[in-house]
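[1] Test case, fold it:
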Amino acid sequence: MKIEESIKRLFANVLEEYGNNKSAAAASLEANPVTFWGWVTGKRGLNKALCSAIDKAGGKLLLPGEDTSFSSGQDS
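    Model (predicted):
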């Protein structure tokens, strides 16, 4: 999963944690509700250059509840 998709998923998870209350979810992140909703819906873009650089560097965003093992062939 690309970093931009992971970030959008993370914000969607926050929204779900707050019972789909956009204002409460945004407040929990100290973000403007309109900006937050734009991130969730994809109408407000994330920094493309930064996301691309993280993807190229092999960066991963680990979301709560996800498997922490990566297919690197090494044990943690």
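[2] CA only for contacts and neighbour counts going forward, please
    Will do.
[3] Who are the contact partners of Ile54?
    Contact analysis of Ile54 by Cα atoms under 8 Å, 6 or more residues apart in numbering lists Ile3, Lys60.
[4] do you know how far it is from Leu61?
    The gap separating Ile54 from Leu61 is 10 Å, by Cα to Cα, to the nearest Å.
[5] Common neighbours of those two, please.
    Residues touching both Ile54 and Leu61 (Cα under 8 Å, 6+ apart): Ile3.
[6] Ends of stretch 24-40, what's the gap?
    This stretch, stretch 24-40, spans 14 Å end to end (Cα to Cα).
[7] what about it, average pLDDT?
    Averaging pLDDT along stretch 24-40 gives 91.
[8] Output the contacting helices and strands for the helix or strand hosting Asn13.
    Asn13 belongs to helix 3-17 when assigned by DSSP states H and E. Of the remaining helices and strands, those touching helix 3-17 by 3 or more Cα pairs under 8 Å, 6 or more residues apart in numbering; DSSP states H and E are helix 22-28, helix 33-41, helix 48-56.
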